[in-house]
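Asker: The sequence and its predicted three-dimensional model are supplied below.
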Amino acid sequence: MPETITLDADVLVIGAGGAGMFAAVAAARNGAGKVLVLDKNVVGRGGATIMAQMTCASALGEAEPDDPQLHLEDTLAAGRGLCNEDLAALLCEGSPQRIRELASWNVNWARRDDGRINQVKAPGHNRARCVYVDFLSTGAAICAALRNKISRDKSIRRLSNVSVTDIVVRDCTAIGAVGFDVPTGAPVAIRCKAVVLATGGMAKMFARTTASNNLAGEGIGLALGAGARVIDIEFLQFYPNGHLAPRMVGLDPTTWEPTRVKLGGRLVNGLGEEFLHRYGGGGGDAYDTARDTLTFAIYKEVEAGRGTPHGGVYLSFQHIDEAALKKALGPVIEIFERNNIDLARQPVEIFPIAHYQMGGVEVDTAMASCVRGLYAAGELAGGANGANRLSGNALPEAMVFGERAGAEAARFAASAGSAFDDRAAAPHLDRVRGVIGQNPGGCSPACLMGELKTLMWQKVGAFRNAGDLAAARARIRAMRDELASLAVSGQTVHNTSLVEWFELRNGLVAAEAVATAALNREESRGAHQRDDFPRTDDRFRRSQRLTFANGELASEFGSPAA
């Protein structure tokens with residue numbers, strides 16, 4: 001077993017997508033002399049931000065008069081009565097500053113002929129306020145700018161391929177973290193004064209997902225294990241226009257929403273009928289139907305037997321002139337052609353796909369959890385989105401909350417008096433050492449993860465009922481008990497089974513939290529839909545909080561929202 005690697009930092013940032021990198025930048029410019037940003041994969045190359053294709057909501061007022069208050073009103077309407085209004089306001093008010101800051105860092109936002117930033121209208125917005133770089137590369141451009149920024153700051157140290165397994169806590173204060181170096185298997189102990197969790201969501205846990213392979217809910221498990229609370233974790237957004245068929249290689253499954261909005265695609269069922277008007281979605285040509293309503297409509301059409309051959313609905317562009325399609329899509333049309341997809345002559349099949357985690361770690365407007373010195377940012381921070389996230393709000397959530405978390409963590413670190421406690425870290429380090437080489441010949445963690453993904457898709461998906469949720473929770477609990485019997489390779493070099501084991505350990509806690517919270521919320525609201533409780537119930541217009549102690553989750557509903 002390699003010797004333990006010990007690292008020191010003022011501020012530790014766990015996760016290096018958009019939120020994590022912004023947190024690192026903000027921590028350094030707010031006085032943290034030693035900022036450590038690490039990622040289970042390559043810093044700045046993984047997570048959800050880099051996959052974001054097009055729009056970022058921001059009330060710049062470049063295309064038409066706008067104001068953050070109007071953006072806030074749309075955000076609250078999408079959240080179905082459960083948004084933390086202070087957090088939602090922070091997101092909307094902070095987005096313009098972050099957009100203009102990124103422009104100063106050479107993010108080339110698309111511009112009009114007069115030089116103003118171009119803005120388009122996205123579903124759920126009352127005006128054109130979403131900015132973008134180009135049709136596919138907005139997230140990649142943001143990540144490139146942030147990678148460049150952190151690489152030039154001598155206060156920021158970057159570490160790739162480090163998997164964090166636990167937050168070290170003493171006296172309800174975060175004082176460090178424990179994990180392991182993926183290439184060598186060496187245990188890692190990190191001593192710090194403040195921790196920012198920016199590990200993203202949990203959509204990897206579903207069989208069909210838009211998520212990259214490292215978004216396995218570990219941040220929820222880490223936070224709960226450290227004593228933090230999670231809020232409204234039952235609300236998981238299913239991206240309504242997820243690609244289903246024909247087989248497509250080279251494009252993200254989220255390709256079709258910006259394509260539909262930009263070009264005017266029509267949603268029709270297997271009988272060739274437009275159907276959104278049946279579910280309160282208005283006419284099919286408005287493109288302003290919120291994602292939860294659109295998901296509901298597609299599910300119900302398929303459930304009623306009006307689906308397509310592969311079990312979805314059609315998205316058709318056949319009414320658009322072929323020359324107009326080619327002009328609008330540019331080089332993307334070539335990718336479609338390589339996949340034998342001719343949009344001028346054939347529709348594609350789509351169906352909702354697991355996409356985004358609305359709930360998360362409960363934080364205040366400083367992005368601070370109830371554990372002193374522990375902050376959360378980006379998709380991992382819960383509260384701002386309520387029961388349904390407004391289209392275009394994911395990127396500003398990463399940027400605004402990441403910047404705030406890093407700045408506040410630096411301020412906390414400047415006055416923190418807690419020193420690292422080897423005794424508090426020891427059990428976590430012993431666990432890392434003890435798992436390597438356990439139970440040769442047993443079931444692999446990858447097998448159990450495969451079962452979990454199917455279970456979550458089938459029983460904790462977009463439509464739920466008490467029987468499925470109870471069965472899912474029971475099986476997830478049993479899976480947690482099975483962790484000790486899983487086989488983990490004894491090799492130290494790039495031990496993927498070790499990575500998968502710890503993904504499961506923290507991810508199963510997150511999965512159980514979702515199933516538990518969904519079972520407790522006996523209504524349908526936003527992205528949480530219950531077949532056995534199909535109506536929205538004002539008694540549940542309140543947030544649900546979960547805590548974790550002694551291996552058990554406890555749930556509590558707050559006071560009804562005003």
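Answerer: Looks like it arrived, so ask away.
Asker: Excluding sequence neighbours, find me the nearest residue to the most centrally placed residue in the chain.
Answerer: With distances taken as C-alpha atoms, centre = their mean, the chain has residue 201 as the residue nearest its mean C-alpha position (3.5 Å). For residue 201, the nearest residue in space outside its immediate sequence neighbours is residue 357; the separation is 3.5 Å by C-beta to C-beta, 6 or more residues apart in numbering. All C-beta spots, glycine's among them, are computed from the backbone N, C-alpha and C.
Asker: Surely the one you found touches residue 379?
Answerer: Yes. With contacts counted by C-beta atoms under 8 Å, residue 357 reaches residue 379, the gap being 5.6 Å.
Asker: I'd like to know how far residue 388 sits from residue 356.
Answerer: In this view, residue 388 and residue 356 are 10 Å apart by C-beta to C-beta, to the nearest Å.
Asker: Spell out which residues are contacts of both of those two.
Answerer: When contacts are counted by C-beta atoms under 8 Å, 6 or more residues apart in numbering, the set common to residue 388 and residue 356 consists of residue 237.
Asker: Check what pLDDT residue 209 gets.
Answerer: The per-residue pLDDT reported for residue 209 equals 86.
Asker: For it, give me its contacts.
Answerer: When the contact criterion is C-beta under 8 Å, 6+ apart, the partners of residue 209 are 203, 353-355.
Asker: hey, what's it bridged with?
Answerer: In this structure, residue 209 has the following beta-bridge partners (DSSP bridges): residue 354.
Asker: Then residue 38?
Answerer: For residue 38, the beta-bridge partners under DSSP bridges are residue 14, residue 159.
Asker: close enough to count as contact, it and residue 160?
Answerer: Yes. In this structure, residue 38 is within contact of residue 160 by C-beta under 8 Å, at 7.3 Å.
Asker: downstream neighbour of the helix or strand of the chain with the lowest mean pLDDT in the secondary structure list?
Answerer: Taking mean pLDDT, DSSP states H and E as the measure, the chain has helix 256-263 as its least confident helix or strand, at a mean of 73. Remark: after helix 256-263, the chain's next helix or strand is strand 266-268, criterion DSSP states H and E.
Asker: so where do the helices sit in the protein?
Answerer: Using DSSP state H, the helices of the chain run over 18-29, 68-78, 85-104, 138-151, 218-226, 256-263, 291-303, 322-329, 332-338, 394-415, 422-435, 445-459, 466-482, 496-520.
Asker: follow-up on the earlier one: contacting residues for the residue nearest to the centre of the chain?
Answerer: With contacts defined as C-beta under 8 Å, 6+ apart, the neighbours of residue 201 are 48, 211, 215, 217, 356-357, 360, 379-380.
Asker: And for residue 340, the neighbour number?
Answerer: Using other C-beta atoms under 10 Å, the number of residues around residue 340 comes to 10.
Asker: Residue 348 versus that one, what's the distance?
Answerer: Counting by C-beta to C-beta - residue 340 and residue 348 are separated by 11 Å.
Asker: so what sits against both of those two?
Answerer: Common contacts of residue 340 and residue 348, defined by C-beta under 8 Å, 6+ apart, comprise residue 246.
Asker: State the mean pLDDT of stretch 504-517.
Answerer: The predicted model gives stretch 504-517 an average pLDDT of 97.
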